[in-house]
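1. Sequence isn't available, so here's the structure alone:
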Ligand SMILES: [Zn+2]
Ligand SMILES: [Zn+2]
């Protein structure tokens, strides 16, 4: 079992329950137009995990999926519409929205897709123009 922590999360109504174990590969904020449009919020607070770290423990049949692009398969609860996570198969990671795993201490390390921002956050963290190089982006940073 090791000393990996397990965090429980769920959708807005509670129909879908899941847990993630271990440590996220990265945490931060995404400012892209797709995240904003889908979430109806100004930024998306993400935590990225290896897919095997995530286990749906209840309500798997109630999870809806939509992929506008092959990069992001966005998932929500079909009962309440609450957002859950986004599969990023090309990155080999899943974004479990920070807001649905409140027990996890959210420690954002980076802002991504900052060229698309509508909400400037002057927190001294790196502002990637698009994505880091090791995630297929330019690796270019913008001023805080
Ligand atoms: Zn729900
Ligand atoms: Zn995004």
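-> Everything's here; your move. Keep in mind that this is a model prediction, so the values were computed, not measured. Ligands and ions are numbered 1, 2, ... in the order given.

2. so where does residue 84 fall, helix or strand?
-> strand 83-88 (DSSP states H and E).

3. what are the pairing partners of that strand, and which direction each?
-> Under the criterion DSSP bridges, strand 83-88 sits next to strand 72-77 (antiparallel), strand 93-96 (antiparallel) in its sheet.

4. Mean neighbour count, mean pLDDT and distance to residue 33 added to those, as TSV?
-> Using the backbone N, CA and C atoms, a C-beta is placed for each residue, glycine as well. As requested, the strands paired with strand 83-88 are arranged in TSV below (neighbours: other CB atoms under 10 Å; pLDDT from 0 to 100; distance: least, CB to CB, whole Å):
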stretch	mean neighbour count	mean pLDDT	distance to residue 33
strand 72-77	20	97	12
strand 93-96	24	98	16
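
5. Let's see the distance spanning stretch 87-100 from one end to the other.
-> Terminal residues of stretch 87-100 lie 15 Å apart, using CA to CA, to the nearest Å.

6. tell me which parts of the chain are close to ligand 1?
-> Residues of the chain lying close to ligand 1 (CB under 5 Å from the ion) are 11, 13, 15, 77, 79-80, 82.

7. which parts of this protein sit against ligand 2?
-> So far as CB under 5 Å from the ion goes, the chain lies against ligand 2 at 30, 32, 35.

8. Out of the residues you listed, name the ones that lie in strands.
-> In strands, defined here by DSSP state E, the members of those are residue 30.

9. what's the closest of the residues of the chain next to ligand 2 to ligand 1?
-> Looking at those and their distance to ligand 1, the nearest is residue 35, at 19.9 Å (CB to the ion).

10. Contacts only, for the closest one.
-> 43-44, 113 (CB atoms under 8 Å, 6 or more residues apart in numbering).

11. What count of nearby residues applies to residue 92?
-> For residue 92, the count of nearby residues is 11 (other CB atoms under 10 Å).
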